[in-house]
Structures are given as C-alpha cells and as structure tokens.
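Novice: just to be clear, the model below is a prediction. Sequence and coordinates:
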Amino acid sequence: MAHFALLDEHNIVTFVTVGRDEDNGKEAELSARTGQTYKQTSYNTRGGIYYTPGTSTPDPDQSKAFRKNYAGIGYAYDATIDGFIPPKPFASWLLNTTTGLWEPPVPYPTDGKVYRWDEDTQSWVEIDPPQAP
C-alpha cells in the first residue's frame, strides 16, 4: 500500500494519504494528475531504517527504507537528502542528514533516569518522578 505526502509551496507536509496500489512509485504521475505536489513516504521507516511492520525490529531488507522518515503533517521534505524531516524541537539541535532526525548538541544521559532538554542551559535536566501518595 502506497502512502503519499501532499506538500505546500515551501515543501511542508500538509496532508498524508493512502494512495492506490497502482500509484506506488508514481508520485510524478500522481502530482501531474492532481496538479499538486506529492512525495511518496514509507509508513515503516524512521531514522533511515525500515522496521518490520507492527514491530520495533529493523527489517532484514533495508532496501525498503525510504525517505528517512514517514511523513507527518508539519514535516519538511528536503530534496538534498531526499527525506522527510520532523519540525525542529529546539534551536540548538542539529540535523543528522543520514537519519533525517534532529539531535541535541549534548547526548541524552544513559544512566536510566528521565530527563528533559533545557534550551537555556543547553543541557539535560533530570525529571523527578512523581511520589506515590
């Protein structure tokens, strides 16, 4: 089943739809037929990796990975990396052009605690877990 993202004049995704099976690989024809700009997107692709449908397991056939990420409303299509990029979460984060995902300038801590990003200090701040009554 093919999925397509409708792009506005700034290559921002405004709508994602399921296409006809016969439109798979034919985004130029779909765009010509509708007079709008569509780009095909892969439902099971995230960070440049194709996952086995219904799981969080990378599929052995990575040839199915397509356009870095499944498009969502507000995502941008970047022709230079041929991928969909989610909205930038913080001004300091940098785009990884291999994955099409934004990365913080400081890696997330790996100590098992929960953190949130603080843009003012450009650091991870531990979140205190709620206390049971």
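Specialist: That came in fine, so what should we check first? Numbers count the residues shown, from 1 in each chain.
Novice: quick one: furthest residue from the center of the protein?
Specialist: Farthest-out residue of the chain from its mean C-alpha position, per CA atoms, centre = their mean: residue 133, at 38.9 Å.
Novice: where does that one land on pLDDT?
Specialist: We have a pLDDT of 70 for residue 133.
Novice: and residue 88, by the same measure?
Specialist: pLDDT, residue 88: 98.
Novice: list the beta-bridge partners for residue 3.
Specialist: For residue 3, the beta-bridge partners are residue 18, residue 41 (DSSP bridges).
Novice: quick one, what contacts it?
Specialist: By CB atoms under 8 Å, 6 or more residues apart in numbering, the contact list for residue 3 reads 16-19, 40-43, 70-71. In short, each C-beta sits where N, CA and C put it, glycine included.
Novice: can you check residue 51 too?
Specialist: 44-45, 57-59.
Novice: now do 10 Å
Specialist: 42-45, 57-59, 64-65 (CB atoms under 10 Å, 6 or more residues apart in numbering).
Novice: how about it: which residues does it bridge to?
Specialist: Following DSSP bridges, residue 51 is listed with bridge partners residue 58.
Novice: nearest to residue 90, of the contacts of residue 51?
Specialist: The closest of the contacts of residue 51 to residue 90 turns out to be residue 45 (CB to CB; 23.7 Å).
Novice: didn't that closest one look like it was pressed against residue 82?
Specialist: No: in this structure residue 45 lies outside contact range of residue 82 using CB atoms under 10 Å: 12.0 Å.
Novice: which strand or helix spans the most centrally placed residue in the chain?
Specialist: Using CA atoms, centre = their mean, the residue of the chain that lies closest to the mean C-alpha position is residue 69, 3.5 Å off. Counting by DSSP states H and E, no helix or strand carries residue 69.
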